[in-house]
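>>> The following comprises the amino acid sequence and a computationally predicted model.
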Amino acid sequence: MTTGQQESLYMIYVNVNNAFIYASDLFDDKTLSPVARQSVRVIKEKLKWIKTAMELKTDSKILKAVDTLRYDELFRLLSELETEHQDAIEKMIFDYVTNIK
């Protein structure tokens, strides 16, 4: 598997895990209508299945140790910036990662 393919699978896991966390929180919210809770339950179960399948097919100790919500927090902060500042942050991160490799 190439590095790019590994990174893509990793990001799929991060997003599935975060979606599972959000779906679980929504499902646990008793103020949500019963119809919506039922829909969220189905989504939550499918996300749990995908998450578990990915963990079983990889080294789950590594995956479970990752703070996947960190990516969402960084994205949330980044999305609040003007486009020119987003571009500057992206370039700074790219340069930083390039230099430490």
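Ah, there it is. Numbers count the residues shown, from 1 in each chain.
>>> Name the residues of stretch 53-61 that are buried.
By neighbour count with 16 or more other Cβ atoms under 10 Å, stretch 53-61 contains the buried residues 54-55. No exception for glycine: its C-beta is placed from N, CA and C like everyone else's.
>>> Check what contacts it and list those residues.
Residues outside stretch 53-61 that contact it (Cβ atoms under 8 Å, 6 or more residues apart in numbering) are 9, 12-13, 16, 63-64.
>>> Just the pLDDT at the nearest residue to residue 64 once chain neighbours are set aside, thanks.
Nearest non-adjacent residue to residue 64, counting by Cβ to Cβ, 6 or more residues apart in numbering: residue 55, 7.0 Å away. Looking at residue 55, its pLDDT is 88.
>>> Please save the CA atoms from the lowest-mean-pLDDT helix or strand in the chain in CSV.
Least confident helix or strand, the chain: helix 60-64 with a mean of 72, by mean pLDDT, DSSP states H and E. Output in CSV follows, covering the C-alpha atoms of helix 60-64 (Å, rounded to 0.1, in the frame of the first residue of the first chain):
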residue,chain,number,x,y,z
SER,A,60,-6.4,-1.0,16.5
LYS,A,61,-4.1,0.1,19.3
ILE,A,62,-2.7,2.8,17.1
LEU,A,63,-6.1,3.9,15.8
LYS,A,64,-7.7,4.0,19.2
